[in-house]
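Enquirer: got a structure for you, letters missing:
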């Protein structure tokens, strides 16, 4: 504003000097030596006018440069603001992404901790179950009969009669693995008693509890390495007065072990 005011006053001064010089030059023309002196004065005033005009042009050029500098400075500030805005937005985006990733990792960590705790609990429970199984194995190993490896024995045989059916429970044991793998065979049950006034021996077959109909005798198959439990229901002849029941462990047609039980059933 100050520069513009200065330029205005300089322009007014130059106009006044120009007007005065023109007036004096017209009035003094043809006056002889005095006129020439005055003409020199007028020439000096015109030179001063030219100097003032040059100064005015310099001031206008300076004003233009200042205006240009202000515009460039404004453009630079706007550009810097735009860059700053982009940097802030990019930083905010990166922060949000990093925060989301952090939240995901925290959630995964909590899940892993829960899974590890669950796995630790499962391992603990499994160790307890293994300890129980070891105790059971040690107990059954004490029950295994002494003798050559692979010998099968009927360790226990229980039988009870109800409604014309015979329920049985058998525990088979094997002294040790003889290197031939599993022992496979089948159970055979025979009943001895009075029938039509004479002593007879009959083979018993599996029966259902509901109607005592005959079932597939594959239910009597056995396969054991060290021990095996077997239980089931056998059908009895209705006119048989039972005196004893025998279980045979067969391998093919060979009896490998047997045991007999007698009343009371």
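Expert: Right, received. Where do you want to start? Since this is a predicted model, take the numbers as computed values, not measurements. Numbering: from 1, shown residues only.
Enquirer: what about the host helix or strand of residue 134, distance to the chain center?
Expert: Assessed by DSSP states H and E, residue 134 sits inside helix 33-143. Distance, stretch centre to chain centre, for helix 33-143: 34 Å (C-alpha atoms, centre = their mean, to the nearest Å).
Enquirer: buried ones in the following helix or strand past that helix?
Expert: Sequence-wise, the next helix or strand downstream of helix 33-143 (DSSP H and E) is strand 152-162. Neighbour counts over strand 152-162 (16 or more other C-beta atoms under 10 Å) mark 152, 153, 154, 155, 157, 159, 161 as buried. (Each C-beta comes from the backbone N, C-alpha and C, glycine too.)
Enquirer: likewise stretch 103-121?
Expert: Within stretch 103-121, no residue qualifies as buried by neighbour count (16+ other C-beta under 10 Å).
Enquirer: And the most centrally placed residue in the chain, what's its pLDDT?
Expert: Centroid-nearest residue in the chain, with C-alpha atoms, centre = their mean: residue 108, separated by 6.5 Å. With respect to pLDDT, residue 108 scores 93.
Enquirer: now do residue 69
Expert: 85.
Enquirer: Number of residues surrounding it?
Expert: Residue 69: 10 surrounding residues under other C-beta atoms under 10 Å.
Enquirer: heads up, I number from 10, so please use that
Expert: Okay, using 10 as the starting number, the last item reads as residue 78.
Enquirer: Okay, it and residue 70: tell me how far apart.
Expert: According to C-beta to C-beta, to the nearest Å, residue 78 and residue 70 sit 12 Å apart.
Enquirer: Next: residue 131.
Expert: From residue 131 across to residue 70, the span is 89 Å (C-beta to C-beta).
Enquirer: Break the chain down into its domains, please.
Expert: The chain breaks down by automatic domain parsing into domains covering 10-152, 161-270.
Enquirer: Lowest average confidence across those, which one?
Expert: For the domains of the chain, mean pLDDT drops lowest on domain 10-152, to a mean of 78.
Enquirer: starting at the chain centroid, how far to that domain?
Expert: Per C-alpha atoms, centre = their mean, the centroid offset for domain 10-152 relative to its chain is 47 Å.
Enquirer: Next: stretch 180-198.
Expert: From the chain centre to the centre of stretch 180-198 is a distance of 48 Å (C-alpha atoms, centre = their mean).
Enquirer: do stretch 234-252 as well
Expert: The answer for stretch 234-252 is 55 Å, by C-alpha atoms, centre = their mean.
Enquirer: Pull out the buried residues from it.
Expert: Those buried within stretch 234-252 under the rule 16+ other C-beta under 10 Å are 235, 236, 237, 239, 241, 242, 243, 244, 245, 249, 251.
Enquirer: Tell me which two in those residues are the farthest apart.
Expert: The largest separation in the buried residues of stretch 234-252, counting by C-beta to C-beta, is between 235 and 249 at 35.7 Å.
Enquirer: Among the buried residues of stretch 234-252, name the ones in strands.
Expert: Judged by DSSP state E, these include 236, 237, 239, 241, 242, 243, 244, 251 as members of strands.
Enquirer: Mind putting the residues you listed into JSON lines with distance to residue 90?
Expert: Formatted as JSON lines, those follow (distance: C-beta to C-beta, whole Å):
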{"residue": "236", "distance to residue 90": "88"}
{"residue": "237", "distance to residue 90": "88"}
{"residue": "239", "distance to residue 90": "91"}
{"residue": "241", "distance to residue 90": "93"}
{"residue": "242", "distance to residue 90": "95"}
{"residue": "243", "distance to residue 90": "99"}
{"residue": "244", "distance to residue 90": "101"}
{"residue": "251", "distance to residue 90": "109"}
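Enquirer: before we move on, the earlier item: summarise which helices and strands the helix holding residue 143 is packed against.
Expert: Under the contact criterion of 3 or more C-beta pairs under 8 Å, 6 or more residues apart in numbering; DSSP states H and E, helix 42-152 touches helix 11-37.
Enquirer: any idea how far residue 172 is from residue 93?
Expert: In terms of C-beta to C-beta, residue 172 sits 98 Å off from residue 93.
Enquirer: Mind listing what's buried along the top strand by length along the chain?
Expert: Secondary structure of the chain per DSSP E: the longest strand is strand 192-204. Residues of strand 192-204 classed as buried: 192, 194, 195, 196, 197, 198, 200, 201, 202, 204 (neighbour count, 16+ other C-beta under 10 Å).
Enquirer: This completes my enquiry, with thanks.
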